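> the following block contains a protein sequence and its predicted model.
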Amino acid sequence: MRFKRSASSDQNFWVAYADLMAGLLFVFILLIGAIVVKYVFMQGDLRAIKTDLNEQKRILQLSEEELAQKKRDVASVTDQLIATRAQNVELSFTKAQLEKALRDLRTQADTTEVSLAAARALLAEQGEKLEKAREGLVLSVQEVAALKLLLLEEAQAKEEAQAKEEAQEALHVSREEAVKLTNMIALKEGELALLAKTLLDKTLAHQKLVEDLDLTKARIKNLTGIRIAVIAELKEKLGDSIDVDAASGAIRLPASVLFDVGSHTLKPEAVETLKATLLPYFEVLLGDEKVREHLDRVIIEGHTDSDGSYMYNLDLSQKRALSVMAFIYGWKESDAALLQKYVSASGRSYSDLIFSDGVENKEASRRIEIKFSISNKQAMGEIETFLKGEY
């Protein structure tokens, strides 16, 4: 009986031990499973974090490209500002030269007037001396006559002849002095006439200088007004069909109307519209000889939005500008020479984007711009000619 109890007790011990081990094994398995599940989730989170980092890196690269582009834009604007300042300095220097020339001319005129006054005073003084000399001459003649009479009464013929000879000699000396004074007066009168002529020449030169300056100003003002006149004529020719920039005279054609996405081939349905717009535009610029005389160049520019790389968009914008150029070039063979001389095409990629409320307007940025520039060579030539005194 004691043996059975012992066996039963051992059996219960081992059963309890087995249950304990089984429980520990189950807990161990659950722990392993939890670790595996957590590892799997951590791998997924790591992949998501890696994806986010790659996306942030890509965005950072795009931001660096935009920053580099903005730096280039700032450098371009800075160059234009420096060029404008140089032109202002040159014009200021020209103005200073003109003002100095005017001051010198006024100084010369004042000096000439003072010299003329001095000459007049000297002439008046010499006239007074001459008048006194003439009075002295009359008095000397009277004295000689009285002396002659006295000698005739008191002396003999020899003394009378001697007195007569002395009187003749005195008269001769007086006459020589009178001739000298007359010659001096004539000389002073000649100098006075020369001074008066010099003053008149200076006055005429000053008047001509002022007239030339006014003429040059009018010519330069006329050149600056040519752009305004051309823009007004463009607006009149094109009417309300297309917007003409009031400051530059440029027109903008939406790329979506002319080309398919990513293409540089003109749409068939856009050809007639393009021709109806560009024919009057080029007729104003190239058809009028007075406008062509002051025209520098007409530029066809292709622009894109910022989607894609800069070089891809540069190539696309260049090809689109060339397509429009080829379309214009195919109008008339007789216009080929004018087009070759004045018209050019270029691509700008997305270097000149259009923004609305600080956000890029992609639709407006994709465009074709046609603009013209007026030559300033004639205006600079007018200024140089005036400064050289070649009028």
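Here it is on my side, so go on. Residues are numbered from 1 along each chain as shown.

> can we go C-alpha only for contacts and neighbour counts from here?
OK.

> the stretch 1-150 of the chain: strands as residue ranges?
Ranges of strands within the stretch 1-150 of the chain: none, based on DSSP state E, counting those that start in this stretch.

> list phi and psi for Leu266.
phi -60, psi 140 (degrees, to the nearest 10).

> residues in contact with it?
Applying Cα atoms under 8 Å, 6 or more residues apart in numbering to Leu266 gives the contacts Leu258, Phe259, Asp260, Ser323, Val324.

> and the furthest pair within those?
Asp260 and Val324 (14.1 Å; Cα to Cα).

> so the two - more neighbours on which side?
Val324 (24 against 12; other Cα atoms under 10 Å).

> separation between that one and Val77?
28 Å (Cα to Cα, to the nearest Å).

> count of neighbours near the residue nearest to Val291 when sequence neighbours are not counted?
Nearest residue to Val291, sequence neighbours excluded (Cα to Cα, 6 or more residues apart in numbering): Leu285, at 6.2 Å. Around Leu285 there are 22 other residues, counting by other Cα under 10 Å.

> in helices, which of the contacts of Leu266 fall?
Among these, the members found in helices (DSSP state H) are Leu258, Ser323, Val324.

> report pLDDT for the last one.
In other words, Val324. Note on Val324: pLDDT of 94.

> show me how this protein divides into domains.
Domain ranges of the chain: 102-222, 239-388, per automatic domain parsing.

> by mean pLDDT, show me the worst of these.
Among the domains of the chain, domain 102-222 scores lowest, with a mean of 64.

> now Asp288: phi and psi?
phi -100, psi 120.

> check contacts around it.
So Asp288 contacts nothing (Cα under 8 Å, 6+ apart).

> out of the contacts of Leu266, who's nearest Val37?
The closest of the contacts of Leu266, once distances to Val37 are taken by Cα to Cα, is Asp260, at 51.9 Å.

> I'd say the closest one and Lys267 touch.
Yes. Assessed by Cα atoms under 8 Å, Asp260 is found in contact with Lys267 at 7.2 Å.

> on that earlier part again, can I get the ones in helices among the contacts of Leu266 in CSV with distance to Ala337?
Below are the ones in helices among the contacts of Leu266 laid out as CSV (distance: Cα to Cα, whole Å):
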residue, distance to Ala337
Leu258, 26
Ser323, 19
Val324, 17
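
> skipping adjacent residues, who's closest to Leu322 in space?
Nearest one to Leu322, counting by Cα to Cα, 6+ apart, is Ala345 at 5.9 Å.

> now for the one you found, how many residues are close by?
For Ala345, using other Cα under 10 Å, the count is 20.

> surely it is in a strand?
Yes. Under DSSP: H, G, I helix; E, B strand; the rest coil, Ala345 falls within a strand.

> how near is it to Phe327?
On the measure of Cα to Cα, Ala345 and Phe327 end up 12 Å apart.

> what does Leu339 give?
12 Å.

> do the same with Gln69
32 Å.

> ok, Val89 next?
In this view, Val89 and Phe327 are 43 Å apart by Cα to Cα.

> now Asn12
Distance from Asn12 to Phe327, by Cα to Cα: 104 Å.

> and His264, what helix or strand is that in?
Under DSSP states H and E, no helix or strand contains His264.

> count of neighbours near it?
Neighbours around His264, by other Cα under 10 Å: 20.

> that one: what's it in contact with?
With Cα under 8 Å, 6+ apart, His264 has these contacts: Leu316, Ser317, Lys319, Arg320, Ser323.

> my read: the last one touches Thr265, true?
Yep, that's Ser323 we're talking about. Yes. Using Cα under 8 Å as the test, Ser323 is close enough to Thr265 to be in contact (6.8 Å).

> what about the helices in this structure?
Using DSSP H, helices in the chain cover 2-154, 157-238, 255-258, 271-287, 289-294, 310-329, 336-342, 362-365, 377-388.

> count the neighbours of Ile49 for me.
12.

> where's it relative to Gly358, distance?
Relative to Gly358, and taking Cα to Cα, Ile49 is found at 31 Å.

> so the nearest residue to Leu253 once chain neighbours are set aside bridges to which residues?
Once flanking residues are discounted, Leu253 sits nearest to Ile368: 5.0 Å by Cα to Cα, 6+ apart. Beta-bridge pairing for Ile368 (DSSP bridges): Leu253, Gly302.
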